[in-house]
Structure formats: C-alpha cells, structure tokens
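Asker: I'd like to go over a predicted model; first the sequence, then the structure.
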Protein chains: 2
Amino acid sequence: MKQPACKDIKITEVSLRDGSHAVAHQFTEEQVRAVARALDDAGMHYIEVSHGDGLGGSTIQYGKSLVDEMRLIAAAVEECRQAKIAVLLLPGIGTVHDLREASKLGAKLVRVATHATEADVSAQHIHKARELGMEALGFLMMAHSVSTEKLVEQAKLMKSYGAEAVYVTDSAGALLPHEVRERVKALRESLDVEVGFHGHNNLSVAVANTLAAMEEGATRIDGSVRCLGAGAGNTQTEVLLAVMNRLGYDVGIDLYKMMDLAEDVVGPLIRGSQEIKKGSLVLGYAGVYSSFLLHAERAGRMYDVDPRDILIELGKMKVVGGQEDMILDVAADLSKKRKVEATR
Amino acid sequence: MKQPACKDIKITEVSLRDGSHAVAHQFTEEQVRAVARALDDAGMHYIEVSHGDGLGGSTIQYGKSLVDEMRLIAAAVEECRQAKIAVLLLPGIGTVHDLREASKLGAKLVRVATHATEADVSAQHIHKARELGMEALGFLMMAHSVSTEKLVEQAKLMKSYGAEAVYVTDSAGALLPHEVRERVKALRESLDVEVGFHGHNNLSVAVANTLAAMEEGATRIDGSVRCLGAGAGNTQTEVLLAVMNRLGYDVGIDLYKMMDLAEDVVGPLIRGSQEIKKGSLVLGYAGVYSSFLLHAERAGRMYDVDPRDILIELGKMKVVGGQEDMILDVAADLSKKRKVEATR
C-alpha cells in the first residue's frame, strides 16, 4: 500500500450543505455566493451545496429550504473559477431527476449516501452519476455502528457500482481516532479505490480523527468552516488546514484566506454557536442520530427514565433512522427493569 | 515504566481559574459556590480557584477581579465535601504570603507555574507549599516552545525543589498529539514523579492531546467544563470524561452530573462562545502568548505587514511574555525584507 502524496488529498468544504442544518436551511443566495466565492479564491477543491439532507431534502419532514437548492447550486457554480461544486444525495430522499438537474447546472461530483449497512440502495444513483460524467463517490453513514468487516463489504458494493471513492462517514461524531484508523486501514487494504473521511465533532476529536484517517491513507477529506454543521458541527476546515500546514501537508489551499473567510464571511452566518453542548455530547457518546434526541426526551418524561439511558441503549441496539417508534419500547423496558431492581 | 491505573488519574477542573480569563475575572461568589458545589457533587477530584493569572493576578496589568480571590477560595472550600481546592501561583505575580493565606483558607494543592525555561524561580514557592503541608506541583508553561531535553532538565529542577508532579503545560494550545506523547514519555522515563498535562484547544486537539498524554502515563489531567478558559479555551472536561468512559477509564466522576452542570451551572456563565475563532487559531498556529495578538495587530498596521506573519515569526524566535517590545522590531524587519524582495 503506497502512502498518498499531499497533492492527492482533496478537501471538500461542507458548510453550504451540512451547515444548512445549523441555519435551519435558511441560506440565502447572496450568502451562498459570498461563501463559494471566498472558498474558490482560497483554493478550496470541492464545495458541497445541497439541502442538509441532500438533494430533495427540502420537505416538511426534513425542513424546508428558504431558497431552492438548484438555484443555490447554480449560483455557487457561477461564482467559482476553479473549485468544483459537489452535491449530496441520499437515495430515497433525492432522485435521479434531481441528480440530472444538478449536473446540468454544473455540479461535477456527487456523494451518494446510505446507512452503513445499506450500500445496495446506492447502485442506481452511482451508475447514473457516472453516466452523466460526474465523479461519483460513496458515503457510508453512521460508520461507527458497524464492524470493520461489514464496512469493507458495503464499500465493495459501492465500488462495484462505480464509486471512485468510499467515505467512512462519522455521522454521529461517535468515532475515536483508533477506530477511524482501523476502518480506513481496512478499506485501503481491501479496496482499490480512494478512501474518504467525514467527521463530526461531538466528542471533540474530529480533527484528530481526520489526522488519523490521513495517516492511514485517506485522500478525500471533509471539513466545515467554523464547524458549521449538524450536531456539534464538523471537522473545522480552517483549523484542520492549520494543523496540516504544521505537519507539512501542502494541499494548495491558502490558510490566511481560509482564516479570513471563516471570520468575515462564514462567521456572520452562525446562529447558535457550534460549541459542544449537552445534547450533541450525548449523541456522540451514545452514537445515535440527532433526530432521536427529542423523542428520547419525551419518552424519558413519560416513563421517568433519564433520556441519556434511552439513547445509550438505542446506540447499543444500533437503531437506525426510521425506527423512532422503538424509542418508547426502550424507555418502557428501562423503566420496568429499574422497578424490578428496586424491589429486589 | 509501569502504566498507571485508572484510579491513579486525578482530574483538576480549571474553569474557576483559567475560566476567569473568559469572564474578564468577573466571577461572583455565588457563581463560584454554585460551580464548586456541583463539581464536588459530581465527584471532581480537584477544583482550581484563583485569578486567571494565578494568586495575586488581580492588578491593572492582568485585570482586576470583581471579588477577591481569597474570598472565592474560602467559598469554594466551604462548598466542597470531598473535592480539594487547588490554587495556581506564578512566582513574580503571586507571593509566599498569598500562598500562606490560601493554605489557611483550606486550599490543599498549589501548581507553581513558570515559563518552560525558568523552573528555577519556582524553588521558594514549592518549598513553602510543602512546608505548609500542601501538595506542590510544577507547571511548565509554553511547553511547546522548548526541546524535550530542555523540558526534562527543567522538570528535574522542579522535582529537586520538592514538586510531586510536573505538568506539560500547553499554554498556547500549540502542541499536536505526537508532540505531547514525546514530551510526556520523556518526562515519565527520566523522572520519578507524576506527570501532568494541561491543554488548550486552539488547534482543536486538546482532547486528543490529553488522550495521548494519558496513554503515555500522565496521571494529572486538567480540563475545563464548556472549555471555559483563555484562548480557545481548555480541554472540555465533560467531553474528555465521556471519551474516557468510552475507553474504559473509570476515574469515579459522574458523567451525567458533569453533563448537567456543564449545561445548567457553567453554561449561563459563558460570555463569548468558546469556539475556535481567527485570533485563537492564529495564536495556536504560531505558538505565542495571547497577549501578543493586539500588539501584533498594531505593529502590522504601522508597517503594513500581516499580523499573522509577525506572530509566526515571534513563535519561531520563541519570544516570551515581557518581550513585547520585540514585536515592533519584527514588524519593521518583515516590512524591510518584503521591500527588498519587491525590488529584486
């Protein structure tokens, strides 16, 4: 296994996609233009622009976008002289039709994202993207919740559909550096595709996780300026680049310009701060989707159980999105167990 | 070298000392009581209470405290049933007289802090603390700015004065995990005292640095709830404890109680958010004292030089506090160099 050179490392900035969660999907066209222009000028490689839940995510269920994402994609493409615009697509939310439209508007890359055990639903969209002449990469979400063997198996599926890279996607910010290392290493050894890493900072180790991933040969790296993203936010791009500079990784992105745009262009967009607060810490610790938090709090009140115990139990059970009804069962179960213990 | 057991790891919470910087030294007695009480109840081992710059720091130069630190120390002592109150002392700012007073009020531990090359000024205060029956630990600040050999030499001095532990103190948040590992390892191999680690989060690796320190056998660990501290703030205690729980380190502190107090007791004290912003990132990247920032900005305007170039140059020169006059020289120098280059 050959270690990749610095020039092989490509950074994807996700503040205009994952960051959409942090602003309740209320990005304006002017904001997107300003961020894209500044990132392009700094030399950013890829800029992802989509609803937080990917193409087609603007719904009552996932949150309505203020401005149609296609208009935002077109605006970002217009602003960029060298950076390529990427989109995210979750099969089931986004469609082939959405993908075709994004491609027509100038998006050059798509990350097709599935739960870490459901790579098979990505086949159609990866095929279609390649047909459209786009770069097509696979995104294995909640990568902490499956064994390394399972992850390799699922990554192989994505590769077989035509994915040119597969990401270890730490959606819940639950992975620790040694766990990232193990996963990236296994993917690199088992697959002849590029490996990527997408981190969240719920346990305050997103930068350390990303360094571990790069040390093991990951070449597709995600970051978000000022951590703007779901949960506790993502790997902070400008901080990661500062650390990479210190370590001698030169990826051709201007650090000072990144620091400046973080302060002057992205800074003003921040609504709540991207600190690690109780909710996001619990989610990273339990390793569950952020959508579970409110459900667990309600179930906890109903059964007089600490919602954290519920979330930790759900994390152990590897419950996935769409199984929210199990939350009440778990709460009832914990409550019953506690009563039995109390009468002993 | 024997790896220490979990029970040997002692956590010192510094939000009521380093966090004093983050609230411009305006802690009220009620706030200190509430935080100390909650930390004590959660099982925290040590709680440091002093002006941000240590005993005696309440001055025009360092910032006046709202409430006399001795009153805050007494209040914290009163609130604690099991936690021990610690104080920080920088020789030259704090005096033997201050130390005696803190000890009388019930402080049980002092960290005597010097620049990483100036351990010799700690002798008197370490001796005095031992005489008073206090635990006396040495704090080698700006540990990134000296070689590991130098750090070992200085730590040996502190030990010779009676220090029961010596800390690698990453004041500028400039160390990366492999650099922490190297320093802690060298201290552990060369000295028969406990080794500690105090981190700042300017490069977003404070938790990862702390894990590296513990893996190499550090047993005295600092954290600050909600990162409340100077610069980008410290290692976030409740996040560190969550990660330690995940890794099987049980240090007898209640994680849920820590999460709760972080949200309900410390949260309301936060003035600015403890995110990593441009200023703190530059400081960590350059490895210089935060007091240099304003000086560098002024010098930059005067000589039309980017203040970041000035700070990075100062970092390379290992300039220490008290040498602020060199900042103008560096700016003039950079400006001259640039003009020479431009005429070539």
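Answerer: The structure has been received and is ready for your questions.
Asker: which ones are touching the residue nearest to residue A:83 when sequence neighbours are not counted?
Answerer: Of all residues not flanking residue A:83 in the chain, residue A:40 sits nearest, at 4.3 Å (CB to CB, 6 or more residues apart in numbering or on different chains). Quick note: C-beta positions are derived from backbone N, CA and C, even for glycine. Applying CB atoms under 8 Å, 6 or more residues apart in numbering or on different chains, we find residue A:40 in contact with A:47, A:79, A:80, A:81, A:82, A:83.
Asker: Pull out the buried positions in stretch A:257-264.
Answerer: For stretch A:257-264, burial by neighbour count (16 or more other CB atoms under 10 Å in any protein chain shown) applies to A:257, A:258, A:259, A:260, A:261, A:262, A:263.
Asker: ignore the last one, stretch A:243-251
Answerer: In stretch A:243-251, counting by 16+ other CB under 10 Å, buried: A:243, A:244, A:249, A:251.
Asker: Now cross-check those against chain B and list the overlap.
Answerer: Within the set of the buried residues of stretch A:243-251, contact with chain B (CB under 8 Å from any CB of the partner chain) is found for residue A:243.
Asker: I'd like the buried residues of stretch A:243-251 written out as JSON lines, with pLDDT and secondary structure added.
Answerer: As requested, the buried residues of stretch A:243-251 are exported to JSON lines (pLDDT from 0 to 100; DSSP: H, G, I helix; E, B strand; the rest coil):
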{"residue": "A:243", "pLDDT": "98", "secondary structure": "helix"}
{"residue": "A:244", "pLDDT": "97", "secondary structure": "helix"}
{"residue": "A:249", "pLDDT": "92", "secondary structure": "coil"}
{"residue": "A:251", "pLDDT": "96", "secondary structure": "coil"}
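Asker: Just name the closest of the buried residues of stretch A:243-251 to chain B, please.
Answerer: Checking these against chain B by CB to the nearest CB gives residue A:243 as the nearest, at 5.4 Å.
Asker: mind listing the strands for chain A?
Answerer: A:10-13, A:46-48, A:84-89, A:109-115, A:135-141, A:165-169, A:194-198, A:220-223 (DSSP state E).
Asker: thinking again about what came up before, what pLDDT does the model give the residue nearest to residue A:83?
Answerer: If you check residue A:40, the pLDDT there is 98.
Asker: for residue A:303, what are its contacts?
Answerer: A:331, A:332, A:334, A:335.
Asker: Pick out the most distant pair among those.
Answerer: Within these, A:332 and A:334 form the most distant pair, 7.4 Å apart (CB to CB).
Asker: returning to what we had before: and of the strands of chain A, who's closest to chain B?
Answerer: Nearest of those (CB to the nearest CB): strand A:220-223, 10.7 Å.
Asker: Centre of the chain to the closest one, how far?
Answerer: Put simply, strand A:220-223 sits 9 Å off its chain's centre (CA atoms, centre = their mean, to the nearest Å).
Asker: Quick check: neighbours of it in the sheet, parallel or antiparallel?
Answerer: Strand A:220-223 sits in its sheet next to strand A:10-13 (parallel), strand A:194-198 (parallel), going by DSSP bridges.
Asker: Reformat those into CSV and put mean pLDDT and mean neighbour count next to each item.
Answerer: Putting these into CSV (pLDDT from 0 to 100; neighbours: other CB atoms under 10 Å in any protein chain shown) gives the following:
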stretch, mean pLDDT, mean neighbour count
strand A:10-13, 98, 25
strand A:194-198, 98, 25
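Asker: Adding distance to residue A:123, write those out as a markdown table.
Answerer: Formatted as a markdown table, the strands paired with strand A:220-223 follow (distance: least, CB to CB, whole Å):
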| stretch | distance to residue A:123 |
| --- | --- |
| strand A:10-13 | 23 |
| strand A:194-198 | 19 |
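Asker: Can you say which of these is nearest to residue A:306?
Answerer: Nearest to residue A:306 among the strands paired with strand A:220-223 is strand A:194-198; the distance by CB to CB comes to 30.2 Å.
Asker: Contacts for the closest one next, please.
Answerer: A:14, A:137, A:139, A:164-171, A:180, A:184, A:187-188, A:209-210, A:213-214, A:216-222, A:234-235.
Asker: Show me which of the residues you listed are buried.
Answerer: By neighbour count, with 16+ other CB under 10 Å, the contacts of strand A:194-198 hold A:14, A:137, A:139, A:164-171, A:180, A:184, A:187-188, A:209-210, A:213-214, A:216-222, A:234-235 as buried.
Asker: roughly how far apart are the nearest residue to residue A:81 once chain neighbours are set aside and residue A:70?
Answerer: In space, and not counting its chain neighbours, residue A:81 is closest to residue A:40: 5.8 Å by CB to CB, 6+ apart. Between residue A:40 and residue A:70 the computed distance is 19 Å (CB to CB, to the nearest Å).
Asker: got it, and residue A:98?
Answerer: From residue A:98 over to residue A:70 the distance is 8 Å, taken as CB to CB.
Asker: Now the longest helix along chain A: buried residues?
Answerer: What stands out as the longest helix in chain A, according to DSSP state H, is helix A:326-343. Using 16+ other CB under 10 Å as the test for burial, helix A:326-343 gives A:326, A:327, A:328, A:330, A:331, A:334, A:335.
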